[in-house]
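> what shape does this take:
(one chain, ligands or ions: 2)
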Amino acid sequence: ITNRLIEAEKLELVSNLASSVSHEVRNPLTVVKGFLQMMIHTDLPKEKREKYLKLSISEVNRANAIIGDYLSFAKPHHKAIDKLDIKEVLMQTIQVITPLANMNSVIIEKKLDDYLVTGDQHLFHQCFINITKNCIEAMPHGGSLHMYTERKNNFAVITIADTGTGMTKEQIAMLGKPFYTTKGNEGTGLGMLTVFQILHQLHCSLEITSEINKGTCFAIKIPLA
Ligand code: ADP
Ligand code: MG
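Numbering: from 1, shown residues only. Ligands and ions are numbered 1, 2, ... in the order given. Take a look at the predicted model:
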């Protein structure tokens, strides 16, 4: 069992990240543009046409995934700090990820209580989406996704755990490095980076515990309002 705590851990300043990300989005778009141009100018055989269309769709999906994982960064920073019920945000997250869970035969088991915290609802939502999506993707043959809340002193602790592939010590250490992914072209390597940045910004800590072939557990500690 390996454990990593992200707390006051000095976050590497990724100042040129925005430009790397726009570069990553531009690549697939350039590829799509090329295919579209070929499809205008030539009388393509049906098979070629279909191949180009499929590739174009997959490239557009890729650009979309990069924007989706990273979205919260690009958004202008909301200065308005609200009091919010973390249960409501978690319910909203569950609603969004349920189709993906169903596709992977993942059962969601939840036990959520109302806790008032301060922060930006969109940022929390983005953070939970990125974590739960990774959990589901770590269970391609099904499993269960546990989500529960508890109170510890002046904190609400949100636990999100999967019964998936787990990670080695080295893999856990790589989490949050820009563009680190084991998912090839399907991955962006921006999800956990976004999670760390958001939690840092909201004064929350994250503890990751994992065991190969058993699963991974993310414990997010949020100061109560
Ligand atoms: P992406 O999901 O696009 O690959 P992330 O930053 O979200 O990028 O995750 C980086 C990598 O961390 C993943 O490719 C995966 O190898 C690993 N990972 C993240 N969460 C989990 C998890 N719950 N179980 C197993 N591996 C995980
Ligand atoms: Mg991810």
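
> pull out the buried residues from the longest helix along the chain.
Longest helix in the chain by number of residues (criterion: DSSP state H): helix 46-74. Buried residues in helix 46-74, counting neighbours by 16 or more other Cβ atoms under 10 Å, are found at 52, 56, 59, 62-63, 65-70, 72-73. No exception for glycine: its C-beta is placed from N, CA and C like everyone else's.

> beyond that helix, next helix or strand please.
Counting by DSSP states H and E, the element after helix 46-74 in chain order, helix or strand, is strand 82-85.

> list the buried residues of that next one.
84, 85.

> buried residues of the helix or strand just after it, list them for me.
On the C-terminal side of strand 82-85, the closest following helix or strand by DSSP H and E is helix 86-103. For helix 86-103, the neighbour count (16+ other Cβ under 10 Å) marks 86, 87, 89, 90, 93, 94, 97, 101 as buried.

> which residues touch residue 35?
For residue 35, the contacting residues are 52, 53, 55, 56, by Cβ atoms under 8 Å, 6 or more residues apart in numbering.

> may I have the secondary structure class of the spatially most central residue of the chain?
Centroid check for the chain by Cα atoms, centre = their mean gives residue 130 as the closest residue, at 1.9 Å. Following DSSP: H, G, I helix; E, B strand; the rest coil, the label given to residue 130 is helix.

> how close does it get to residue 217?
16 Å (Cβ to Cβ, to the nearest Å).

> same check on residue 44?
According to Cβ to Cβ, residue 44 and residue 217 sit 50 Å apart.

> neighbour-wise, which of the two wins?
Legend: neighbour count by other Cβ atoms under 10 Å for residue 44 and residue 217, higher for residue 217 (19 against 14).

> quick check, the strand or helix carrying the more buried one touching ligand 1?
Residue 217 is part of strand 215-223, with elements assigned from DSSP H and E. Yes - shown here: strand 215-223 in contact with ligand 1 (Cβ under 6 Å from any ligand atom) through residue 216.

> what comes into contact with that strand?
Strand 215-223 is touched from outside by 86, 115, 117-119, 127, 131, 135, 138, 143, 152, 154-167, 199, 202-210, with contacts defined as Cβ under 8 Å, 6+ apart.

> neighbours of the residue nearest to residue 175 when sequence neighbours are not counted, just the number please.
In space, residue 175 comes closest to residue 192 once its chain neighbours are excluded; the distance is 4.5 Å by Cβ to Cβ, 6 or more residues apart in numbering. By other Cβ under 10 Å, 23 other residues sit near residue 192.

> assign residue 170 to helix, strand or coil.
Taken by three-state DSSP, the conformation at residue 170 corresponds to helix.
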